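S.K.: predicted model and sequence follow; I will ask about them next.
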Amino acid sequence: MTLIGWAQIALVLACVVAAAIPLARYIAAVAAGRVTVLAPLERLLYAAAGIDPARGMGCRGYTLAMLAANLAGFLVLYALLRFQGVLPFNPQGFDGLSPWLAFNTAVSFVTNTNWQAYSGESAMSHLSQMAGLTVQNFLSAATGIALALAVSRAFAAGGLKDLGNFWADLVRITLYVLLPLSVLLGLAFVAMGVPQNLSAGVEATTLEGAAQIIPLGPAAFQIAIKHLGTNGGGFFGANSAHPFEGPSALATALQIWAQQVIPFALALTFGHIVGDVRQGRALLLVMLGYVLVATAIVYAGEAAGNPLLVAAGLDPAQGNMEGKEVRFGMALVALFTATTTGASCGAVNAMFDSFMPLSGGVPLFLIQLGEVLPGGVGSGLYGILVFALLAVFVAGLMVGRTPEYLGKKLQAREIKLAMLAVLVLPAAILGFTAVAVVLPAAVSSVLNAGPHGLAEMLYAYSSAAGNNGSAFGGLTADTPWLNTTLGIAMLLGRFAYVVPVMAIAGSLAAKPKLPDSAGSFPTHGPLFAGLLAGVILILGGLQFLPAMALGPIAEHFTLVAGRSF
């Protein structure tokens, strides 16, 4: 680790926070309908769809509208992927995807997971990339933000009968937040050298004299929304490590900024919506603290190098550079790793499979903590609010007082629903992994033996259920078993989680908002932030530490002992 490396990390995070503060106010204004620059276009869209944006929806109506929109998106994308071979804008002549792969990919992009069991430049037509994957990048991100706004409104006042209008939220978020930011970021990427065209590729001659086709296509704007929407699906198979996706250190820093700015801003937006910005700052403090700690662990672990290679005579100052982005150094790799897995983005600029065991376990554990640090756009906010309710409940048990959060009393119904949501991830991750590691059809996909092989399988289901989408590596994922079960895990991680969360929002919205009293537990200071951070860590540790002990932790101790598999 170097001082310059830490200066780079500090500068990027400072830029994220600096941009998140005004963006939070802007998103709050969009949520309230106060931004009307494109009002004629809005009205046209509402009229074409037969939508009354002023008609409020209760938690059930809001949730059903969200599910209907995502079901339609899945069906359209599945059909597009299956029939891309006979559709236009396919200069490469790619055939349609297999039923298993089309199902997995459609589910992946609808759920904001963007798990890719294929390499984009060798499987996807330009039409599939633009009209299919990129469109879902916008819609899945807008869906997450809309749900976060609906949950935030539940705490704003008492006796609320509705949580807003899902269709209006979806349109406004897309028009006023995601599209403008994506256009600006996409143009910036084009200026840095990222391709944006409809060419199939160009032919180049290698140093050996052989002909090579270099794939091109409409990459820049998909890369923009993949980071801003914490989607993560790469236009190219190598994702952000590809020189066309990450052409420079500035482009890499901008990608890190993009995948953090909206999740951080939404924490502050929550404070604006409930009328107490301090509440959002407390959530932001917890998110930022975890990002810094995770970055430090990855940075330290990789900078120390591989003990087996050090023992063989390699200079330890070189660190563990295998699978790294050597153009930019370890600092941006460490920060990219922590932010992409903490933010549910899934874009990668290094291969986690080649990390040291403990630093490779960091992205795995960040996903397992619930993807709330800061989490995906929207999903991170409503996810950390579930943990906030549990933290307040624990505090109430300590002093023997009925817990409250922002003036809303928490009773058995809300806590049961919160625990139901929290248990979705371990059930999907550990359940599917337990079956996969004893099923020959699944084990045959694993490249490595021993604890590392377990980590590869555990990471796959963690990434799917956590809607992250990044891959540990070393796993042949394009099989009927993995395509199907990973797809089911993605659906559970997105929709089985959000249904109880919306039920909590509906229950709390209807309750009266009580004024603070001398017995109220303050939820805006460092004491609450520390309690919230502890609850997140303890729940994650209790649920996943045994599995981690058999994977990355066991591999660390065997490596220190001089043994490899």
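M.R.: Thanks, I have the structure now. It should be emphasised that the depicted structure is a prediction, and the values quoted were computed from it without experimental measurement.
S.K.: buried ones in the least confident helix or strand in the chain by mean pLDDT?
M.R.: Here the helix or strand of the chain ranked lowest by mean pLDDT, DSSP states H and E is helix 307-311, holding a mean of 81. Residues of helix 307-311 classed as buried: Pro307 (neighbour count, 16 or more other CB atoms under 10 Å). From N, CA and C alone the C-beta is placed, and that goes for glycine too.
S.K.: quick one: contacts of it?
M.R.: 316, 320, 559-560, 562, 564 (CB atoms under 8 Å, 6 or more residues apart in numbering).
S.K.: what about 6 Å?
M.R.: Among residues not part of helix 307-311, those counted as contacts by CB atoms under 6 Å, 6 or more residues apart in numbering are Pro316.
S.K.: ok, now stretch 13-26?
M.R.: 257, 260-261, 264-265, 268-269.
S.K.: and the two most separated of the residues you listed?
M.R.: Trp257 and Thr269 (17.7 Å; CB to CB).
S.K.: more neighbours, those two?
M.R.: When Trp257 and Thr269 are compared for neighbours, Thr269 comes out ahead with 28 against 20, by other CB atoms under 10 Å.
S.K.: that one: what secondary structure?
M.R.: helix (DSSP: H, G, I helix; E, B strand; the rest coil).
S.K.: strands along the stretch 251-400 of the chain, start to end?
M.R.: Applying DSSP state E, counting those that start in this stretch to the stretch 251-400 of the chain gives no strands.
S.K.: between the contacts of stretch 13-26, which is closest to Ala436?
M.R.: Gln260 (31.8 Å).
S.K.: surely that closest one meets Thr339?
M.R.: Yes. Applying CB atoms under 6 Å, one finds Gln260 in contact with Thr339, separated by 5.4 Å.
S.K.: next one: the longest helix belonging to the chain to chain centre, how far?
M.R.: Of all the segments of type helix in the chain, defined by DSSP state H, the longest one is helix 3-31. From the chain centre to the centre of helix 3-31 is a distance of 17 Å (CA atoms, centre = their mean, to the nearest Å).
S.K.: what's the answer for stretch 491-503, then?
M.R.: 15 Å.
S.K.: looking at the contacts of stretch 13-26, which are in helices?
M.R.: Using DSSP H, the contacts of stretch 13-26 in helices are 257, 260-261, 264-265, 268-269.
S.K.: now distance to Val12 and pLDDT too, for those, in TSV please.
M.R.: As requested, the ones in helices among the contacts of stretch 13-26 are exported to TSV (distance: CB to CB, whole Å; pLDDT from 0 to 100):
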residue	distance to Val12	pLDDT
Trp257	6	96
Gln260	8	96
Val261	11	97
Phe264	12	97
Ala265	16	97
Leu268	18	97
Thr269	21	97
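S.K.: quick one: which of these is nearest Val437?
M.R.: Gln260 (33.7 Å).
S.K.: count of neighbours near the closest one?
M.R.: By other CB under 10 Å, 30 other residues sit near Gln260.
S.K.: gap between it and Cys345?
M.R.: Taking CB to CB, to the nearest Å as the measure, Gln260 falls 9 Å from Cys345.
S.K.: surely Ser520 is within a strand?
M.R.: No. Going by three-state DSSP, the assignment for Ser520 is coil, not a strand.
S.K.: where's the nearest residue to it once chain neighbours are set aside relative to Tyr382, distance?
M.R.: For Ser520, ignoring the flanking residues on the chain, the nearest one in space by CB to CB, 6 or more residues apart in numbering is Glu404 at 6.2 Å. Per CB to CB, Glu404 is found 19 Å from Tyr382.
S.K.: neighbour count for those two, which is higher?
M.R.: Tyr382 (29 against 20).
S.K.: for that one, which non-adjacent residue is spatially closest?
M.R.: Using CB to CB, 6+ apart and skipping the chain neighbours, the partner closest in space to Tyr382 is Val151 (4.4 Å).
S.K.: list the helices and strands the helix or strand containing the one you found packs on?
M.R.: Using DSSP states H and E, Val151 maps to helix 135-153. With contacts defined as 3 or more CB pairs under 6 Å, 6 or more residues apart in numbering; DSSP states H and E, the packing partners of helix 135-153 are helix 59-82, helix 166-173, helix 220-228, helix 249-274, helix 379-399.
S.K.: need those helices in a markdown table with distance to Gly209, can you?
M.R.: Compiled in a markdown table, the helices and strands packed on helix 135-153 are given as follows (distance: least, CB to CB, whole Å):
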| stretch | distance to Gly209 |
| --- | --- |
| helix 59-82 | 37 |
| helix 166-173 | 52 |
| helix 220-228 | 32 |
| helix 249-274 | 31 |
| helix 379-399 | 50 |
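S.K.: which of these sits closest to Leu369?
M.R.: helix 379-399 (9.1 Å).
S.K.: and that closest one, how far from the chain's centre?
M.R.: 21 Å.
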